[in-house]
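**Q** A predicted structure for the sequence below; I have some questions about it.
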Amino acid sequence: MFDQQARTRLRDKLDYEQWVLNELEEEHEVFPDRLGDTVIESESISAQEVAVSTAVISQPRVNEVIQRLYPLVFVASYKCLDMIIEWILEENTGTLNHQWGYSYKNSEVNKMFRTGNLQLPPPLINHTDIFDRLLRLYSELMDHRHAVIHRDQFELNNDVFSVEDESGVQYGFDATQLFSLAKIGTVLAEVLLNNSITDDRERALKRYLDNLEFVHGQGTFDIAPPWAGTIEYRLEAQEHDPYRWVIDLDLVRTADESTPSTQGYILRIVGLHNDETVCEWEIPSEVVPDEDTLELTEHEPDFDEYQI
């Protein structure tokens, strides 16, 4: 189950949609590669005020053209989810030659998942919270997909793509939300095809799912995405043997306020002694303590997983 042959079958299922969505997102530039860094040293804050960008003078025209393709983005994004759900069901049932409808796939996978009888691919075994949201997106948007394909019931107005199902439930997706749906499909595909999930991909998936909480309704992860700005805090040890550093978290919060809206940040602490680096940590903002200071030693167990 979920072996290399299975991943080859998944690649064949997703090849076209993955390519289309990656090309459109790259041209539309919805998500930054990363945001500028902020440096704290000697209680002085130096901040980069702009995000890394590859925008060109023709970008507004490119965006205008891609906006006309929003129905295609929506349908291709849903198709990615559908092919992944279908693949997981195939691997669980051992059935490859079939003519399953959307409703059947949705019903069967939901039933197996809710009763604990669904075997997930290895990258998702410890991320059922991610899969639960994916499955809810798949269920909730099924008839909205039908509305676009079969009933032509959608609108595009002021960069918002709106679509309504037969029950009258309407969702409006701005560029960030629509391409979050696209990126969920393409990033999840890469995770499954590579049979591994990195911290960056996990963070990306969770941020994209946070952007679609209004659809899946399961709350947000509220974490710093991989493209969040980095606050680098460089400071000398107050003691050594063992080394100990005291980080002024009020200064960190001030630094965060001085940067663009990043929806979280990564706190990179560079512990020095006589201007030589002794220890470094990269701590995501969601686990930074809500206190005035943070004390770290060179072998700090509470933050050991963030030491680099």
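**A** Looks like it arrived, so ask away.
**Q** Grab the nearest non-local neighbour of residue 264.
**A** Of all residues not flanking residue 264 in the chain, residue 224 sits nearest, at 2.9 Å (Cβ to Cβ, 6 or more residues apart in numbering). For the C-beta atoms, the positions are set from N, CA and C on the backbone; glycine is no exception.
**Q** Look up how far residue 191 lies from that neighbour.
**A** Using Cβ to Cβ, to the nearest Å, residue 224 is found at 19 Å from residue 191.
**Q** residues of whichever strand or helix holds residue 281 that come out buried?
**A** Taking DSSP states H and E as the criterion, residue 281 maps to strand 276-284. For strand 276-284, a neighbour-count test (16 or more other Cβ atoms under 10 Å) marks 279, 281, 283-284 as buried.
**Q** now do stretch 299-308
**A** In stretch 299-308, counting by 16+ other Cβ under 10 Å, buried: 300, 303, 306-307.
**Q** next structured bit after the helix or strand bottoming out on mean pLDDT in the chain?
**A** Lowest mean confidence among the helices and strands of the chain (mean pLDDT, DSSP states H and E): helix 59-67, at a mean of 68. The element immediately downstream of helix 59-67 (helix or strand, assigned by DSSP H and E) is helix 70-93.
**Q** Residue 140: what's it in contact with?
**A** Applying Cβ atoms under 8 Å, 6 or more residues apart in numbering to residue 140 gives the contacts 215-216.
**Q** Also the one 3 residues further on?
**A** Residue 143 makes contact with 165-167 under the criterion Cβ under 8 Å, 6+ apart.
**Q** Let's see if you can find the most crowded of these.
**A** Among the contacts of residue 143, residue 165 has the most neighbours (other Cβ atoms under 10 Å), with 18 neighbours.
**Q** pretty sure it is touching residue 145, no?
**A** No - under the criterion of Cβ atoms under 8 Å, residue 165 makes no contact with residue 145, lying 9.2 Å away.
**Q** thinking again about what came up before, so which two of the buried residues of stretch 299-308 are the farthest from each other?
**A** The largest distance within those, taken as Cβ to Cβ, falls between 300 and 306 and amounts to 9.1 Å.
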